[in-house]
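> here is a sequence with its predicted model. Questions after.
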Amino acid sequence: MALFCGLSLTACNRQVQAPPTQVPEVATVTVAQQQVLLTTDLPGRTSPYRIAEIRPQVNGLIQKRLFTEGSDVKAGQELYQIDPAPFQAALDNAKAALGRAEANLPALQSRADRYKQALADKAVSQQDFDDANAALKQAQADAQYYKAMLETANINLNYAHVVSPISGRIGTSTVTDGAIVTAYQPVPLATIQQLDPIYVDVPQSTTELLRLQRRLEEGGLRLDGTNANQVQLLLGDGTKYPLEGALQFRDVSVDPTTATVILRMVFPNPNRVLLPGMFVRAVVKEGVNERAVLIPQQAVSRDPKGNPVALIVDASGKVEQRMLSLDRAIGDQWLVSSGLAPGDRVIVEGMQKVRPGVPVKEVPFSKDEKQGTSAPPAPATKPAVKSS
C-alpha cells in the first residue's frame, strides 16, 4: 500500500513539473511606405520610321538597275534607268514647236500695233483690227501651250531616272534589266525602309488605361515630368536594348476587336539591331507611387479560395490574419494596394508553425543574412497577378 502511494505521488509530481509549452518564434518585417516608380511591360512590334514603295512614273523599258539589293541608299540616289530616248524626242519636239510659235509673235505684235494706229486714223476698219488682235492672242496662247508641253516633256525625261525619295535600306528588286514597266503600276519596283530611328507600336488595353487615369486623378500616382516619356525596350531573347526611346503619342481610337489603343514609341537604331516586324517588350513608365507598400513575396499565401492573405503580429503579440489586395510584383516583393498599413508587423518566416490568435515571439527578418545583400527593388512592371 505504501509502495502504491509512493508511485502515485511520483507520477503526480512528474505531471506538475512538465515543461511549459514553448512560444513559437517568427521573423517579421515592419511595413513602411516608400516611393516606387511604376512601369508597365507591354508586348509590341517594330515598324519602319518611314517606308517608300518605288514605282515608275512613266512607261518604258528598264535599261539598268543601279543599286545593290539589301544596301543602304540615300535620298535622291538613282535606282533605275528607264530608256530616255522617247522622252528626249518628245522634249526636242516641244522645243521646236515652242520656237515656231514664238517666231511668229513679233510680226503679229507689230501688225496689231499698226492696225491699232490706223484704226485711230480711220485708215482700217474695226474688223481688220479685231482680226489682227485675235491672231496675236492666238499665237501667244500657242506659245504658252508649247511651253507647257516642253515642261511636261522635261518632267517625263527626268522621270526616266527613278530616284530614291528617302534614305534607308532597300529590299529586293521585282524587275530586272530589260523589263517593261508602266506608270504607277500596282507592283512596286522595290521598297525602301528607314530603320534609324525606328517605331515600336504596342497595344494597351483600355482597362489598364482607365485604371491609370483613375489613379492619377485620385493622387495615387504622380507623373515624373522629367522622364515621363522615356521608354526601355526588351528584345525577344530577354536582353535589354541599350538605348532608351521616347513615347511619341497614344492613339485616340480603340480597336473594337481587341479593346486596345496603340502606343507609338521612337527608338534610335544606329546599329540596325532592331528590324521591322520584330517582337519586343516595351517598359512604359506609369508614374511614381509615393506611398507604396512593399512586402516580401514569401510573406503572402493563399486561402482556400485563392485570395492573397498575410499573417501579422498585433499589438498584444498574437497572430492576426489580413486579407490583401495585390497590385503587382516588383522583383521579389509584392506591391500591396490594400490590407496593410504602415507599422504593421508582417510574418515572413515561421508561418507554418502558427495560426491566428496564437502568441508568438518576434525576431527581425534579415534578408541579407539569408540570401546576401540585395539590390534596391527594381521599377515595378506589369502585374504578374491581377488585383484580388
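Received, thanks. Numbers count the residues shown, from 1 in each chain.
> quick check: next helix or strand after the helix or strand of the chain with the lowest mean pLDDT?
Ranked by mean pLDDT, DSSP states H and E, the weakest helix or strand in the chain is helix 2-16, scoring a mean of 48. Sequence-wise, the next helix or strand downstream of helix 2-16 (DSSP states H and E) is strand 25-30.
> which other residues reach that following strand?
By CB atoms under 8 Å, 6 or more residues apart in numbering, the residues outside strand 25-30 that reach it are 295-296, 299, 312-313, 319, 343-351, 353-354, 360-366. From N, CA and C alone the C-beta is placed, and that goes for glycine too.
> of these, which belong to helices?
Assignment to helices by DSSP state H places none of the contacts of strand 25-30 there.
> so for the longest strand along the chain, what's the average pLDDT?
Taking DSSP state E as the criterion, the chain has its longest strand at strand 33-54. Strand 33-54 carries an average pLDDT of 89.
> flag every buried residue along that strand.
Within strand 33-54, the residues that count as buried by 16 or more other CB atoms under 10 Å are 36-42, 44, 46-49, 52, 54.
> can you redo the residues you listed as a markdown table with distance to M323?
Converted to a markdown table, the buried residues of strand 33-54 look like this (distance: CB to CB, whole Å):
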| residue | distance to M323 |
| --- | --- |
| V36 | 22 |
| L37 | 27 |
| L38 | 23 |
| T39 | 27 |
| T40 | 26 |
| D41 | 27 |
| L42 | 30 |
| G44 | 36 |
| T46 | 43 |
| S47 | 45 |
| P48 | 50 |
| Y49 | 49 |
| A52 | 58 |
| I54 | 63 |
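> okay, how far is it across stretch 348-363, tip to tip?
The straight-line separation of the ends of stretch 348-363 (CA to CA, to the nearest Å) is 10 Å.
> quick one: buried residues of it?
348-351, 354, 360.
> which among those gets closest to V73?
For V73, the nearest member of these is V348. The distance, counting by CB to CB, is 60.9 Å.
> and that closest one, what does it touch?
Contacts here follow CB under 8 Å, 6+ apart; on that basis V348 touches 26-29, 295-296, 298-299, 365.
> okay, it and I312: tell me how far apart.
Going from V348 to I312 by CB to CB, to the nearest Å gives 11 Å.
> now intersect the contacts of strand 25-30 with the strands, please.
Judged by DSSP E, those include 295-296, 312-313, 319, 345-349, 361-364 as members of strands.
> so among the contacts of V348, where is pLDDT lowest?
Minimum pLDDT across these falls on F365, with 86.
> neighbours around that one, how many?
F365 is flanked by 21 other residues according to other CB atoms under 10 Å.
> and the residue nearest to it when sequence neighbours are not counted, what are its bridge partners?
Distances taken as CB to CB, 6 or more residues apart in numbering place A27 nearest to F365, at 3.9 Å, with adjacent residues excluded. Beta-bridge pairing for A27 (DSSP bridges): E349, V363.
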